[in-house]
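Q: only geometry, no sequence info:
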């Protein structure tokens, strides 16, 4: 359901713009905190909604 409503994409984009917020909610090794992982994943989410 989150993919259909683009909620996951919005959620991740919100965090990508605010590192201090991500650091306060996620542990150091979280994938969300790794820009090399989260950035490509965020751009691929819209493709997943059309499968």
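A: That came through fine. Just so it is clear, the model here is predicted, and its values are computed rather than measured.
Q: any idea where the helices of this structure begin and end?
A: 7-16, 19-25, 35-49 (DSSP state H).
Q: Enumerate every residue touching residue 42.
A: 9, 12, 13, 16 (C-beta atoms under 8 Å, 6 or more residues apart in numbering). Bear in mind the C-beta positions are built from the backbone N, C-alpha and C, glycine included.
Q: Write a PyMOL command that selects only the buried members of those residues.
A: Filtering the contacts of residue 42 down to the buried ones (16 or more other C-beta atoms under 10 Å) takes a single PyMOL command:
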select buried, resi 9+12
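Q: can you list the contacts of residue 42 in CSV and add distance to residue 40 and pLDDT?
A: Putting the contacts of residue 42 into CSV (distance: C-beta to C-beta, whole Å; pLDDT from 0 to 100) gives the following:
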residue, distance to residue 40, pLDDT
9, 13, 78
12, 11, 78
13, 13, 80
16, 11, 77
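Q: quick one: which two of the contacts of residue 42 are the most distant?
A: Of all pairs drawn from those, the one with the longest distance (C-beta to C-beta) is 9 and 16, at 10.5 Å.
Q: Residue 33 contacts residue 21, correct?
A: No: taking C-beta atoms under 8 Å as the definition, residue 33 is not a contact partner of residue 21, at 10.6 Å.
Q: Good, wrapping up.
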